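**Q** prediction below, plus the sequence it came from.
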Amino acid sequence: MAENLNKLVSKLSKRGPHRVLVGDLEYAGLPGKIYTPAEGNGLPAVAFGHDWMTDIKRYHATLRHLASWGIVVAAPNTEKGFMPDHRGFAADLETTLQILTGVKLGTGAVTVAPGKIGFAGHGMGAGCAVLAAAGRNHIKAVAALYPAATSPSCEDAAMNVNVPGFVLGQTERDFVTTGNPVNVAARWAGSCTYREIEGATQQGFPELSFSRLAVGMGRPQTGAQEITRALLTGFLLHRLDGQHKYSGFSNAEATAKKVTSFDATGVRLKLDEIEHTAF
């Protein structure tokens, strides 16, 4: 019987027990923000990549949420122009991890364990997280939320990502469809968990500004955001921090309300369906 994650999703969708501090990456020469629990040694950490032309302030609640559960998160605020350098952004994500593991954070009471690090991202940032992870086995996991197409191709890069992955795709067409998350999951070299959330789309994940709403770029998806944060948090706590009670978030067949999960066979069938209905 597939594991049911409803109780854990409900728990992890709420803010965690840690007080959160927010700081700047600027001191290390890289624009961006760092979210960290107020204290803790040997903590897990991720470098988080933003979507195309999306400022990291649109992820404030998500990054703060991760930190409240004991995960250090740093998000470079680079490559926000109309023509971003995807390879350059992937390099910025790698640099961000080096910063996190190289210094004491917060008020000096926080350190990151070099063996508990990974990449995460949304849209373009998810694709660049895959690029950054390809061929790098010093990281522990990658979480790619609606990975968008990149140059070089993140779909090709996934074939060289040997660490565990979590890929989130969408159940319906968005205003703009920018990638093929199913193919990223299908090509993943290591173990990969692929899920979809009912009614959730790539454009609906960031915290939207009134200006983006006014021009029709996305719509409020508060419920889906909460589920996404829970799935992301559980996966990272398991894969980066080794917390076995959250192992179900790495289980490709685990179930949850409004969440559809796909094992390897399901991913291949989903990919075939997409390829046969493309136009």
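**A** Thanks, I have it. Predicted model, so just to flag it, every value in this text is computed and none were measured. Numbering: from 1, shown residues only.

**Q** what mean pLDDT does stretch 230-250 get?
**A** Averaged over stretch 230-250, pLDDT sits at 98.

**Q** now swap in stretch 202-218 and tell me
**A** Throughout stretch 202-218, pLDDT has a mean value of 62.

**Q** quick one: the strands in the stretch 51-200 of the chain?
**A** 72-76, 110-122, 141-145, 165-170, 192-197 (DSSP state E, counting those that start in this stretch).

**Q** now, of these, which is deepest in the fold?
**A** strand 141-145 (a mean of 28; mean count of other CB atoms under 10 Å). C-beta coordinates here come from the backbone N, C-alpha and C atoms, glycine included.

**Q** who does that one pair up with?
**A** strand 110-122 (parallel), strand 165-170 (parallel) (DSSP bridges).

**Q** and of these, who's closest to Ala2?
**A** Across the strands paired with strand 141-145, Ala2 has its closest neighbour in strand 165-170 (16.5 Å, CB to CB).

**Q** quick one: the closest one to chain centroid distance?
**A** Here strand 165-170 is found 9 Å from its chain centre; the criterion is CA atoms, centre = their mean, to the nearest Å.

**Q** next: stretch 178-189.
**A** Distance, centroid of stretch 178-189 to centroid of chain: 14 Å (CA atoms, centre = their mean).

**Q** straight-line length of it, end to end?
**A** Start-to-end span of stretch 178-189 (CA to CA, to the nearest Å) is 22 Å.

**Q** flag the shaky bits of the stretch 51-200 of the chain, pLDDT-wise.
**A** 172-177 (pLDDT under 70).

**Q** tell me where it has helices.
**A** For the stretch 51-200 of the chain, applying DSSP state H, counting those that start in this stretch gives helices covering 60-68, 86-102, 124-133, 154-157, 181-187.

**Q** okay if I get the strands of the stretch 51-200 of the chain as a markdown table plus distance to Leu30?
**A** Output for the strands of the stretch 51-200 of the chain, formatted as a markdown table (distance: least, CB to CB, whole Å):
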| stretch | distance to Leu30 |
| --- | --- |
| strand 72-76 | 5 |
| strand 110-122 | 15 |
| strand 141-145 | 20 |
| strand 165-170 | 25 |
| strand 192-197 | 29 |
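
**Q** before we move on, back to that, same list, the strands paired with strand 141-145, but as a markdown table with distance to Glu253 please.
**A** A markdown table is the format used below for the strands paired with strand 141-145 (distance: least, CB to CB, whole Å):
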| stretch | distance to Glu253 |
| --- | --- |
| strand 110-122 | 22 |
| strand 165-170 | 14 |
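
**Q** so for Ala91, which of these sits nearest?
**A** strand 110-122 (12.1 Å).

**Q** just checking, Ala61 touches Glu207?
**A** Yes: look at Ala61 against Glu207 with CB atoms under 8 Å: they come within range, at 5.7 Å.
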